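In: only geometry, no sequence info:
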């Protein structure tokens, strides 16, 4: 065997061994990415994103986006989700996964204030088969932000599987208020206040209830709820002015 052939075979064997080693490493990293949590999983996903291809890369990007979301790194989450979009309709991506991707995009755009994109991907998630509460609430929120209150009411009233908690009732009350149906909003918030929740959640609901009571000229109740919201630390810059107007109407300052 000539030296040239010998060295060629040695080089070929080294390449083959390197490739086999890379495959083993890639499989290990993929498993660590998809089944792990925290920084180790994030680093494993980054390896698969860099060296993997096809559906492996798509799955790694999606898992890494979920890890970023849990750490409130929403800009990075959005970038990973957007990187998936060119491949989201490939044969290897199941409809359930596509629905998850669209729902995640809707949530991240909603947080960023891009209502049109939040609406677009919420609707795509529902069309693809998503049925979880988050996607329906996101879609309802986008409708409310765009002034499409009747559609928000219809969606929330017919959506199945939604937990009747403060988030649900507050969204329903906001949709009713947008339609000018403050009586229905009042009823929704009354139902919310019967549900146990942490103090900050109760404060946010009380603030909304105070606003609705003010619209209904139920000033004593408005005073009660807005006062509670203010004392409980709700974000309510308008509360002092409203409470002053309410108490003047009630003769508190006469």
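Out: Alright, I've got the coordinates. Computed from a prediction, not measured in an experiment: that's the story for all the values here.

In: which stretches of the chain have low pLDDT?
Out: 1-26, 53, 90-92, 131, 160, 252-254 (pLDDT under 70).

In: Closest to the centroid, which residue in it?
Out: The structure's the chain has its C-alpha centroid closest to residue 107; by C-alpha atoms, centre = their mean the separation is 3.3 Å.

In: unless I'm mixing things up, that residue is touching residue 132, no?
Out: No. Contact between residue 107 and residue 132 fails when scored by C-beta atoms under 8 Å: they sit 10.9 Å apart. Glycine gets a C-beta too; all of them are placed from N, C-alpha and C.

In: Backbone dihedrals for the residue nearest to the centre of the chain, both of them.
Out: Note on residue 107: backbone dihedrals following degrees, to the nearest 10 are phi -60, psi -40.

In: Could I get the contacting residues of it?
Out: Contact analysis of residue 107 by C-beta atoms under 8 Å, 6 or more residues apart in numbering lists 118, 134, 138.

In: How many residues are close by residue 238?
Out: 12 (other C-beta atoms under 10 Å).

In: actually residue 155, sorry about that
Out: Neighbours of residue 155 under the rule other C-beta under 10 Å: 21.

In: Is the nearest residue to residue 97 once chain neighbours are set aside in a helix, a strand, or coil?
Out: Take residue 97 and drop its neighbours on the chain: the residue closest to it by C-beta to C-beta, 6 or more residues apart in numbering is residue 62, 7.3 Å away. With DSSP: H, G, I helix; E, B strand; the rest coil as the basis, residue 62 sits in helix.

In: what about residue 62, how many neighbours?
Out: Neighbours of residue 62 under the rule other C-beta under 10 Å: 22.

In: which outside residues touch stretch 58-67?
Out: 30, 33-34, 37-38, 41-42, 45-46, 48-49, 52, 76-77, 80-81, 83-84, 87-88, 90, 92-93, 97, 100-101, 104.

In: mind redoing it with 6 Å?
Out: With C-beta atoms under 6 Å, 6 or more residues apart in numbering as the test, stretch 58-67 has contacts from 33, 34, 42, 45, 48, 49, 77, 80, 81, 83, 84, 87.

In: same deal with stretch 189-201?
Out: By C-beta under 6 Å, 6+ apart, stretch 189-201 touches 165, 166, 169, 173, 205, 209, 232.

In: For the first one, which non-adjacent residue is closest in space?
Out: Meaning residue 165. Distances taken as C-beta to C-beta, 6+ apart put residue 195 closest to residue 165, at 5.8 Å, once the chain neighbours are dropped.

In: What helix or strand is the one you found located in?
Out: Counting by DSSP states H and E, no helix or strand carries residue 195.

In: correct me, but residue 95 touches residue 129?
Out: Yes. Judged on C-beta atoms under 6 Å, residue 95 makes contact with residue 129 at a distance of 5.4 Å.

In: Thanks a lot, see you next time.
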